[in-house]
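[1] Structure, please.
(2 chains)
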Amino acid sequence: MAISSAILYISLFVSLFFEIFLLITYFEVKSEIDFEIEHGGKDIKSFPTVTIVVPCHNEERTVVDTIKSILSLDYPKDKLRLMVIDDGSTDRTKAVVLETFRGTPQVEVFSKENGGKHTALNFALEKIDSDLVGCLDADSFVEPTALKRIVTFFDKEEVMAVTPSIRIHDPKTPLQYMQRVEYSWGIFFRRLLSSINGLYVTPGPFSIFRTKVFKTIGGYKHAHHTEDMEMALRMQKNGYKIVNAHSAHVFTVGPDKLKKLYKQRVRWIYGFLNNAIDYKEMFFNKKYGNIGMFVLPIATFSIFTTLYAAGNLLWSIASKIPEHLAKYEAVGFNLGMPNFSKINWFAFDLNTSFWITVTTLSLTFVILYLSLRVANGKARMGRDVFYYLTLYAFIVPLWLAKATYSTITQKKISWK
Amino acid sequence: MPDSKKYIFAFVMTVAIFATALFISNSVSEGKLAEIQNIQNRLSLDILASETQSALLEETSCKNVNQIPLTKELGELAERLAAAEEQSGSDNQDVQSLKKQYFLLEIRDYLLMKKISEKCGVNPTFILYFYANETDCEDCQKMGFVLTALHEEFPDLRIYSFDYNMDLEALHTLRTIYGLGETLPAIVINGDPYYGFRPLNELVESVPALSRLRAEQIKQQKKATTTKSLGL
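    Predicted coordinates:
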């Protein structure tokens, strides 16, 4: 009992501290965010050369739209090159690209044996000599102004990589609507983490790097199927600055079914945990600033507290089952409406943890509101928020549990 | 380097929120302690009132019986006592003392009601329920559900619950009067003891007083339906 109380209070303290820290950071950078929306991508004096790599493996259905969105970027044509790397597709990916973009000099197509996304990226990196290089997954699309808005950040010499805001493209299923809100959180968090130099992922869709980064610290690694996380951690470890251009929008297709979403998230969390183990020396190490002292520890901690809270909830539900069975045995089914006038308000245990939980939850809603405003310009209660509030908390523990279990038992997980 | 000022500020604010929550929860606890004190006062007053009512009964006519506030608070007090027991623990001395006072009040109410029924010729059904904690009585929780359901079905039932193991002389006497053994749960319905758990319907069917109540209720319901359908 004392141990579970200690865990509860520590979890509540850390969660509350994190939320307060985020809110302070938001109010510090609010004017910067507004300025970026207004002025991002304007007054670029010289345009650096950029290569966008599109690694694809059996993406015949979406790759054409992805390439078209890159070709529609508002960026000088002579400064933008596009490399499609067909990573051993068994469908018509390569043929479709060649047929559609024959006679488009900006687009080059290469084929290689299947080896995974990181090998496709490294294959491209060997052939690149542009100033900047980025990647766009073949299920993602960019907004025309995205590259200009990103390139602005490279005016600062110390910036080595810029990540975009990722949004869910054209949601149709409840799970995709739910992800739209989840990605809004992501947009908000990344912008705030950027301001404390705490970004630990350079997402596959349209993160742009200085090419010299790869020449200096090497190419992508397998990294437990999360090469974008490993690259960000390696950059942070080497003191390379990563920033977020929150007004540069990239759209990605979110998994439409629970099974697909579950697999994707197990891979992400598994990747995070295993990369965290690989980079454990960064934890609580002052040398690495906020990312080492705060961001990585709290991100890891939150996985375990979420699992603990879910386990606790399940246990409390399970422990009520015998009582309900006993009631059924005694009096049979009683389908009457609960009589609220009979509720004994005196019985509510309004202890310290209750008030702190209420405060923490209230701040969570404040942050949700701010996330929606920062990501979409406005916050309104639509079906996306409804699905998010009713589904998300119940399904997150599923992939957290699986990823944690696979990490503890050192069981490999599959890519798809 | 991390911005230590921001961390310190966030930490101080978090501590301040924790301190406020602690303060509010302490205030609520104090309120609850006062409430327990209030329960104690009400119990003492109700016992006294019950004794007085009993003494006055000789002087009261039966048509005024319904106006006597016959410890209407028993149910509410029982709920508050259960909540106090859950939050402070059943070993808590204050809770134990409150339970003893509550059982005394129940016995007083039982005796008073019996006296009234004799004087006025009304014939309510009395149930005395003897329970114990889960370790000593596995089926007591289920029996509790049955009695709750029974009270919902027949609101005029007079049900009194007693902790079989409570060290209270009046309770020992009550057990002796009805010759109760040690098998639990035990119920005494209009003076006849029944032992062990019985599901709701089985209990109603096996106890004549309850069967009669159900039959009367069905009869009244039928009558009400007929009157309604005839538009009377």
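
[2] which stretches of chain B form strands?
    All strands of chain B, identified by DSSP state E, fall at B:126-131, B:158-163, B:186-189, B:192-195.

[3] JSON lines please, covering these and showing distance to residue A:99, mean neighbour count and mean pLDDT.
    All C-beta spots, glycine's among them, are computed from the backbone N, C-alpha and C. Formatted as JSON lines, those follow (distance: least, Cβ to Cβ, whole Å; neighbours: other Cβ atoms under 10 Å in any protein chain shown; pLDDT from 0 to 100):
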{"stretch": "strand B:126-131", "distance to residue A:99": "82", "mean neighbour count": "22", "mean pLDDT": "90"}
{"stretch": "strand B:158-163", "distance to residue A:99": "83", "mean neighbour count": "20", "mean pLDDT": "88"}
{"stretch": "strand B:186-189", "distance to residue A:99": "86", "mean neighbour count": "22", "mean pLDDT": "90"}
{"stretch": "strand B:192-195", "distance to residue A:99": "87", "mean neighbour count": "14", "mean pLDDT": "88"}
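
[4] mind giving me JSON lines with those and columns for distance to chain A?
    As requested, the strands of chain B are exported to JSON lines (distance: least, Cβ to the nearest Cβ, whole Å):
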{"stretch": "strand B:126-131", "distance to chain A": "13"}
{"stretch": "strand B:158-163", "distance to chain A": "15"}
{"stretch": "strand B:186-189", "distance to chain A": "13"}
{"stretch": "strand B:192-195", "distance to chain A": "15"}
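
[5] Nearest to residue B:59, out of these?
    In terms of Cβ to Cβ, the element of the strands of chain B nearest to residue B:59 is strand B:158-163, at 23.3 Å.

[6] Tell me where chain A has strands.
    Assigned by DSSP E, the strands in chain A fall at A:50-56, A:80-87, A:107-112, A:132-135, A:140-142, A:159-168, A:208-210, A:241-252.

[7] what does the model give residue A:344 for pLDDT?
    Residue A:344 carries a pLDDT value of 56.

[8] before we move on, the earlier item: closest to chain B out of the strands of chain A?
    Closest to chain B of the strands of chain A, according to Cβ to the nearest Cβ: strand A:241-252, at 14.2 Å.

[9] Against which helices or strands is that closest one packed?
    Judged by 3 or more Cβ pairs under 8 Å, 6 or more residues apart in numbering or on different chains; DSSP states H and E, the packing partners of strand A:241-252 are helix A:2-39, strand A:140-142, helix A:146-151, strand A:159-168, helix A:174-195, helix A:227-237.

[10] Of those, which is nearest chain B?
    So among these, helix A:2-39 is nearest, using Cβ to the nearest Cβ, at 4.3 Å.

[11] tell me the centre residue of chain B?
    By Cα atoms, centre = their mean, the mean C-alpha position of chain B lies nearest to residue B:78, the distance being 4.3 Å.

[12] quick one on the thing from earlier: adding mean pLDDT and mean neighbour count, write the strands of chain A out as a markdown table.
    What follows is those, written out as a markdown table (pLDDT from 0 to 100; neighbours: other Cβ atoms under 10 Å in any protein chain shown):
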| stretch | mean pLDDT | mean neighbour count |
| --- | --- | --- |
| strand A:50-56 | 95 | 25 |
| strand A:80-87 | 94 | 23 |
| strand A:107-112 | 93 | 16 |
| strand A:132-135 | 95 | 26 |
| strand A:140-142 | 91 | 24 |
| strand A:159-168 | 95 | 24 |
| strand A:208-210 | 96 | 23 |
| strand A:241-252 | 94 | 23 |
